[in-house]
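A.B. asks: Based on what follows, work out the 3D shape:
(2 chains)
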Number of protein chains: 2
Amino acid sequence: MNRRDFHRALLMGAVTHAFGPTLLRGTTPPALRINGDRLNANLARLSEFGKNPQGGVSRVAYTDADRQGREFVMQLMRAARLEVSMDYAGNVSGRRAGSVPGLKPIMFGSHIDSVPEGGNYDGTVGSLAAIEVAQALAEAGTTTRHPLEVIVFQNEEGGKQGSRMISGEFTPANLELVNASGRNIRDGVRFLGGDPDRIAQVRRNPGDIAAYLELHIEQGGTLERDDIQIGEVEGIVGIKWWSVDVTGFANHAGTTPMDQRRDALLAASRFVDMVHRQARALTGRHVATVGQIQAFPGARNVIPGRVTTSLEIRDLETAKMDQLFEIIRKECEAIGSASGTEFKFEQAYNSSPSMMDDRVRTLIRDSARELGLSNRPMPSGAGHDAQSISMLAPAGMIFIPSVGGISHAPKEFSHPHDIVNGANVLLHALLKADAASWVNT
Amino acid sequence: MNRRDFHRALLMGAVTHAFGPTLLRGTTPPALRINGDRLNANLARLSEFGKNPQGGVSRVAYTDADRQGREFVMQLMRAARLEVSMDYAGNVSGRRAGSVPGLKPIMFGSHIDSVPEGGNYDGTVGSLAAIEVAQALAEAGTTTRHPLEVIVFQNEEGGKQGSRMISGEFTPANLELVNASGRNIRDGVRFLGGDPDRIAQVRRNPGDIAAYLELHIEQGGTLERDDIQIGEVEGIVGIKWWSVDVTGFANHAGTTPMDQRRDALLAASRFVDMVHRQARALTGRHVATVGQIQAFPGARNVIPGRVTTSLEIRDLETAKMDQLFEIIRKECEAIGSASGTEFKFEQAYNSSPSMMDDRVRTLIRDSARELGLSNRPMPSGAGHDAQSISMLAPAGMIFIPSVGGISHAPKEFSHPHDIVNGANVLLHALLKADAASWVNT
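C.D. replies: I've put the predicted structure just below:
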């Protein structure tokens, strides 16, 4: 029985106390489960920090509520017998030693900051589940081969700042960015107790982290709709943004006959409808969205002469994004010539897709199966800290259902039993990673 | 030969000096023409008041530029041997006595205030042409039967305030309305030298005015497009405004698949396209416009959950406006159920159509024909002071071509020869009205 088979047997309950205290101490890992009641109770306690009158939280990074929430999280880490520290960037880590000297840590965690008027689950489920996993291991007396690092990244909602400081994507110019707290990152890092002048020292190198795991709510409605318990994230979509400018000719709405108009809003409206139609016509799981629109001069009695609008395309494949954009751009030529208007596209943002590691995905899939949970591969349409860390280490993400697909809103909700399922998959995938031959052995 | 036939003969050149000095003095009315060079020169001089660096004028009512322009107009009136006065509302009149005692005045004129960054022709052509007509009559020694009143209404662009004070449509609550000058009407009237507390005394009654004529630029492009020199206005369209509220469900643009969206902007876009399509499908000269749109929350990466937009319908017939609105409202139900959204309409404004007097229209048509000018009946898509005065007197409007249909913009332009044509039609229609048996004889 090699190490891998041994661990599989352990998890399946076929092997008990087969090895000495170095590897496993005092419990039966196959039966090991996190404490679901404690996890859900801690989520409820965390939701008090920055609580909104209408439900959900406004725990924006660099606010008092954020700092209080982080204090609470550090208490939980200590209760889980983790050694708590904060790096210069303000990322909070809870560490626990491994049994094999020289191995790099397996990192797992998420974030606890929220958007303004956000929900109680985005980031917090993964953060508190990671602490709960550590506590369950501690209570079971289980020591892993690798050191463990439970991490709570700072300011995910403001652009994954904490994890990008670790991956090295953060540049000094980003220090001036102001997030929804009203503070810029320089002041925000200081506010959390970090040191903005030493952020460069926070950076880690490929190989410094053995593997990375993150549990998160789906934030979409596909798992709930299809009654699937666990999503095995294939990758995090790339995002492209364009600013779209439509030029027609402003004119008097009373004196300009319908057939003599060069109505920029009519053209922009056909654009919005066409984007939706073409995105649906193309096979795949890409999405395309028009979220912004402004008409000039914007009076009830003036035919709009100019409209500024936006286009966002997301997919796991850059080629698919480019293909859809080309279709849209070409269709706009037809819309323009039919309506006497002109379209101009300017790319405003471009984030490449981040693929999750196939081997980590397999661990997640196997864990879900062994726990008897339905599961399926899926893209993540939203950005996550796992994107940053996937640049340094084999990374994987576990999704659980979001009721109604609602996120970034007070009504964001995931069922307690789904949270418990997700945390157990995190626990088991972590143990499998710890045992896997390819993980920094 | 009755009076009507006589006047027709006069205009056709068949009768000269047939009657004594009371009716006609010193010239041959059939050949009477305005002085086109003087009229166009005066238009150029007036355009200096409130001149924009980029062309056109910003001569908003109740500004210094407006007051200076009015001073200039009063000088021109005096030069045209008119007796100048201003009513409590700030409307400027230039009067000249008629030959037959007891007859009510024939009124003709327009306005000289502009929209911000407006053009040099809207209102000014009709105002200065009216003064030019009076001057031509004075120079020819022609005295009309009726007294003449050349009028320059105050603040047309801010809602036809001056003419509505005369028609009695103005209410004291309107005194608080603030126009683009930043002044409310109360202060604006005072600024012009009027008395806001005595506006009620300005009101005139049906029968106080024998007839009303107004020359104006078309502000649309139909006369120029079809190479017609004179538009005989059938009426001024009614205007209905609605505020349109589209409710869907805001959601994450990355995690919500295309087929699970309730995108309020997609629904609003289909509404804009449908309004245009249905307006064109219905036979008639109505127009329908969507000029305003706002998406909420209005972020590139959030599917809009709510859109507020507008609908304007204009036509000469209220029944046609109602018919088109019913089609639109019904189509919105289909758009709503296909996109998981809901439309709500709230009427925001309703102005009834004002029909021009058929007999005055005939005078205008006959004058154009006799002057050898191509002409055709047409609706006015824009509002005019003639709407107010049509409540008190038989009213008619003369349109001349606007190059490119551009108005309310610095590029607004009418050819000098078209202005001269329009002023001559005004002159001849005025003389015909003066002679007509049905005009307050």
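
A.B. asks: make it CA atoms for all contacts and neighbour counts henceforth
C.D. replies: Will do.

A.B. asks: Any idea how many residues pack against A:Arg145?
C.D. replies: With neighbours defined by other CA atoms under 10 Å in any protein chain shown, the count for A:Arg145 comes to 24.

A.B. asks: Hmm, A:Gly102 and it touching each other?
C.D. replies: No - A:Arg145 is not in contact with A:Gly102 according to CA atoms under 8 Å; the separation is 9.9 Å.

A.B. asks: Chain neighbours aside, what residue packs nearest to A:Ala279?
C.D. replies: Using CA to CA, 6 or more residues apart in numbering or on different chains and skipping the chain neighbours, the partner closest in space to A:Ala279 is A:Ala288 (6.2 Å).

A.B. asks: Same check on A:Ser47?
C.D. replies: In this structure, A:Ser47 finds its nearest non-sequential neighbour in A:Asn120, 5.9 Å apart by CA to CA, 6+ apart.

A.B. asks: if you look at stretch A:320-328, does any of it touch chain B?
C.D. replies: No - Stretch A:320-328 stays clear of chain B (CA under 8 Å from any CA of the partner chain), getting no nearer than 13.1 Å.

A.B. asks: Now do that stretch, average pLDDT.
C.D. replies: Mean pLDDT, stretch A:320-328: 98.

A.B. asks: before we move on, what about stretch A:337-347?
C.D. replies: 97.

A.B. asks: measure the residue nearest to A:Ser47 to A:Arg95 for me?
C.D. replies: From A:Asn120 across to A:Arg95, the span is 25 Å (CA to CA, to the nearest Å).

A.B. asks: Give me the more crowded residue out of those two.
C.D. replies: More crowded of A:Asn120 and A:Arg95, by other CA under 10 Å: A:Asn120, with 30 against 22.

A.B. asks: tell me the contacts of that one?
C.D. replies: When contacts are counted by CA atoms under 8 Å, 6 or more residues apart in numbering or on different chains, A:Asn120 touches A:43, A:47, A:56-57, A:410, A:412-413.

A.B. asks: Pop the domain breakdown of chain A in here.
C.D. replies: A:3-236+A:353-435, A:238-351 (automatic domain parsing).

A.B. asks: coming back round to it: out of the contacts of A:Asn120, who's nearest chain B?
C.D. replies: In terms of CA to the nearest CA, no member of the contacts of A:Asn120 lies closer to chain B than A:Glu412, at 10.7 Å.

A.B. asks: any idea which element that closest one lies in?
C.D. replies: Taking DSSP states H and E as the definition, A:Glu412 sits outside all helices and strands.

A.B. asks: hang on, it packs against A:Gly220?
C.D. replies: No - using CA under 8 Å, A:Glu412 makes no contact with A:Gly220, being 10.2 Å away.

A.B. asks: Give me the more crowded residue out of the two.
C.D. replies: A:Gly220 (27 against 21).

A.B. asks: how near is that one to B:Ala129?
C.D. replies: The gap separating A:Gly220 from B:Ala129 is 67 Å, by CA to CA.

A.B. asks: what do you get for A:Leu148?
C.D. replies: 90 Å.

A.B. asks: Which one of these two is surrounded by more residues?
C.D. replies: B:Ala129 (34 against 26).
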